[in-house]
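K.L.:
Sequence plus the predicted model coming up.
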Amino acid sequence: MTAYLFKRVLFGLATLVLASMVVFAMLQVVPGDPARLMLGMNATEDQVQVLREQMGLNQPLVLQYLDWAGGLLRLDFGRSYTYSVEVSELVGERLAVSLPLALISLGLSTLVAIPLGLYAASRRGKTADAVSMGAAQIGMAMPNFWFALLLIYVFAVWLRLVPAGGFPGWSAGVWPALKALILPAVALALPQAAILARVTRSAMVEVLGQDYIRTARAKGMTARSVLWRHALRNVLIPVLTILGMQFAFLLAGTIIVENVFYLPGLGRLVFQAISQRDLVVVQSVVMLLVAAVILVNLLVDLSYALVDPRLRGNR
Amino acid sequence: MSLLEIENLSLDIDGMPILRDIDLTVDVGEIVGLVGESGSGKSMTALSVMRLLPDAAQLGGRIAFDGIDILAAPESAMCALRGDDMGMVFQEPMTALNPVKTIGEQVAEGIRLHRKVGSAEAEAQTKAILDRVGLPTQKFPLSRFPHQLSGGQRQRVAIAIACALKPKLLIADEPTTALDVVLQAQILDLLRELVAENRMGLLLISHDLAVVTAMADRITILRHGAVADAGQTERVLSQQTHPYTRQLVTAATHVPARTLHRPVEQTTPLLEVTDVSRLYPGPRQGWFGRGNPTRAVDGVSLTLHPGQSTALVGRSGCGKSTLARMILALDAPTSGSIRFDGMELAGKSQAELRPVRRQMQVVFQDPYGSFDPRQTAGKLVAEPLYLLDKPLSRAETRDKVVEALHQVGLSPQDIEKYPHEFSGGQRQRLSIARAIITRPKLIVADEPVSALDVSIRAQILDLFADLNRRLGIAYLFITHDLTVARAVSDDVLVMQDGRVVERGRTLGVLASPQSDAAKALVSAAPDLHRALERRLREQG
């Protein structure tokens, strides 16, 4: 177990270093001189040179990389050209929206999808199965900006339960902040839940067909307790895999829904930074996401080992 | 009144008739054998008694167990019976246990469920039954997971689960089919002892007449979902009044007519394996250390002449499949040399191995698993033709496929069919057609008939013998089943722990084995005639 853990952590760190090199290299080949971009079109060549010197852009690439990577380790991401603030501050503000949003929608989708998938699997081939999987199909097919608009229309415009968009900030109190996040979380959760429900169902159907389920039934266990005591843990592996992937997506892939609800999240930050060539911000957010994905994958790998003794190494 | 009475049992699933008019009884302390080929309804009969059929099943007739009307009993009553008064053991020990639960949990679960005892008491009972089935807690702690046990040990756990509460009836569905003969003999002995100790009734389901004859007091033979023959085992099998019984007995003891290969010393050997070893790295110890390597194959030498048929026999895990993989150049030896047709295989690239692969083909055990289900038979059989030096035209390919199908007794119309449209025996013919299409000099066959029913098995053995005679193909048969070795090989090598411990002419070795490994294999091998003689003698 320790060896497994050690190997996974080492592997994660190696991936992180490799990813940082790739991110750094990519931005080197992107056309455009950051110094010139910051100073604008009217700056003289001399001014640009002075700024280049200040920013360390004339140093060898290796030194530039080490400088940047060292900054990352000290959580010093540099300054944004366009916002003229520390990137860490900027990202921190945005994370305060995106992270809770991702967690809430992941929680919602898990709460709905797993019971639904298990229920459909236990009623396989019957009407309940067809209805719930049909609903999942619709959930997957529905564009989430449209679903988001629908939610706004019903809950914000018509019922006036929650605001239609914007984010008051956590300083305005937990409840108003949560109220602002709930609709976007639901809009994001729907397609995730639909996918997760289908994965849960098909994993469960497969597990229920296994020989050891029959053995458990032959022991005298009821169909229901076999499902909870024997099948569920075996279903967790594919479900955890999907959950990990969904979390990574929810952290930054939510730009459309953020736009619909006018939320200051990470997705919009990256989008704006890219269009304004604010490379320092792009680099930092990409690295942050890479780190998040690696961390989530590490957690997923560790939970595999908790679920399945065959992965604990002492084979 | 018998313990289990089945009268006029009929079963339909989704309107498909599965069983018709099954009559069967099992008495207290009696072993009843249920025999038949795959699809004859043996397992469905057993699952009907346990009421573990799919939802779409429609049952008719009567099943009475210990005075209880099984077909009318509510599900809650069935749950109370299952695992308590009636237990069941299934065929596949490798998949019958939950991989994420310890063996202790899995045995204790049933005890706690039915006896409502505390966990200390359940643990004590679990230890007792595991000890009884040959897994003492000192050597096999309750915290073991199934993947840490071998197939035979897992089957013992499954028997412990089924017998933990001393059931009145045990149903064992092909309990030893997936095990090697020595393990099979041990498990059958265990079942026999449990029957005697607890006056348990045992319904033993098997496709193997020899196993059933050795075990069962009475026998019921199923065919196409109906009872073909039934009665006292020795009477049914010695009188053979029913033609189907006669057919089964003939097939079970069938030996193809073939002339033995005379060793010709002058010819250069086709295959020369010299002092080959294969080591696997030992288990990790700590972060950097490793235990001693496992010697899967340890200093094996053998030669095979053109047209010669050699059997490689041994128990599961003796290294015979590893050796075969190295001969097929799918794995590289750690040391030693393998020469095929004069060419050393070690260190050759895939391109250099092409002419060798053309001359050397393989037939696997499982005709279901070894074909891509989405390709036609014609495509599948034509696959090895890519090994030819120049590609064939469509017409030439077709001719070759038709010829290969003809050689194995299939028709040219079969080209367009998909694997699922063939029966098990036909599928094995198809894999043989695939193996002979390049006209190889050697076929390596890994347990080629052990997944087949007796009558089909006899036909496939005949086919192997016939191809050997007509096309002069040499064989290396890998098997744990001595009847297969006897049927189609000239010479035999017995392997144990990676080494060849005995070699010689097949008939000689089988008649008077010298090594312990060979003796164990011969004495454990089920033999219909021997079992029948013993029964008749016991009856007087």
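P.N.:
On my side now, so go ahead. Numbering: from 1, shown residues only, chains lettered A, B, ... in the order given.
K.L.:
lowest-confidence helix or strand of chain B?
P.N.:
Across the helices and strands of chain B, mean pLDDT, DSSP states H and E gives its lowest value to strand B:284-285, namely a mean of 67.
K.L.:
my bad, should have said chain A
P.N.:
Ranked by mean pLDDT, DSSP H and E, the weakest helix or strand in chain A is helix A:34-39, scoring a mean of 73.
K.L.:
ok, then the element right after that helix?
P.N.:
Using DSSP states H and E, the helix or strand that directly follows helix A:34-39 along the chain is helix A:45-55.
K.L.:
buried sites along that following helix?
P.N.:
Buried residues in helix A:45-55, counted by 16 or more other C-beta atoms under 10 Å in any protein chain shown: A:48, A:51-52, A:55. (C-beta placed from N, C-alpha, C; glycine too.)
K.L.:
Same check on stretch B:496-511?
P.N.:
Counting neighbours by 16+ other C-beta under 10 Å, stretch B:496-511 gives B:496-504, B:506, B:509-510 as buried.
K.L.:
Check stretch B:352-366 too.
P.N.:
For stretch B:352-366, a neighbour-count test (16+ other C-beta under 10 Å) marks B:353, B:356-366 as buried.
K.L.:
go on, stretch A:237-251?
P.N.:
A:237-248, A:250-251.
K.L.:
Nearest to A:Thr200 among those residues?
P.N.:
When the buried residues of stretch A:237-251 are ranked by distance to A:Thr200 (C-beta to C-beta), A:Val239 comes first, at 5.6 Å.
K.L.:
Which strand or helix spans the closest one?
P.N.:
helix A:232-252.
K.L.:
Give the other helices and strands that that helix contacts.
P.N.:
helix A:87-122, helix A:174-208, helix A:266-275, helix A:279-307 (3 or more C-beta pairs under 8 Å, 6 or more residues apart in numbering or on different chains; DSSP states H and E).
K.L.:
so which of the ones you listed gets nearest A:Ala69?
P.N.:
With C-beta to C-beta as the measure, helix A:279-307 is the member of the helices and strands packed on helix A:232-252 nearest A:Ala69 (9.3 Å).
K.L.:
orientation of the closest one relative to helix A:266-275 in degrees?
P.N.:
Orientation of helix A:279-307 against helix A:266-275 (axes from the mean of the first three to the mean of the last three C-alpha atoms, to 10 degrees) gives an angle of 140 degrees.
K.L.:
what's helix A:279-307 packed up against?
P.N.:
Here helix A:279-307 touches helix A:2-29, helix A:61-73, helix A:87-122, helix A:232-252, helix A:266-275, going by 3+ C-beta pairs under 8 Å, 6+ apart.
K.L.:
Try it again at 6 Å.
P.N.:
Applying 3 or more C-beta pairs under 6 Å, 6 or more residues apart in numbering or on different chains; DSSP states H and E, one finds that helix A:279-307 makes contact with helix A:2-29, helix A:87-122, helix A:232-252, helix A:266-275.
K.L.:
In CSV: those helices, plus mean pLDDT.
P.N.:
Formatted as CSV, the helices and strands packed on helix A:279-307 follow (pLDDT from 0 to 100):
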stretch, mean pLDDT
helix A:2-29, 86
helix A:87-122, 92
helix A:232-252, 88
helix A:266-275, 87
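K.L.:
Next to chain A, which bits of chain B? Give me the list.
P.N.:
Within chain B, the positions near chain A by C-beta under 6 Å from any C-beta of the partner chain are B:52, B:79, B:82-83, B:88, B:92, B:95-98, B:100, B:110, B:113, B:145, B:147, B:287.
K.L.:
What about those, which are in helices?
P.N.:
With helices defined by DSSP state H, the entries of these inside them are B:79, B:110, B:113.
K.L.:
Who wins on neighbours among those?
P.N.:
For these, the largest number of neighbours (other C-beta atoms under 10 Å in any protein chain shown) sits with B:Gly110, at 28 neighbours.
K.L.:
Any chance you could list what contacts the helix or strand containing B:Leu170?
P.N.:
Assigned by DSSP H and E, B:Leu170 belongs to strand B:169-173. Outside of strand B:169-173, the residues within contact range by C-beta atoms under 6 Å, 6 or more residues apart in numbering or on different chains are B:3-4, B:43, B:46, B:86-91, B:162, B:200-205.
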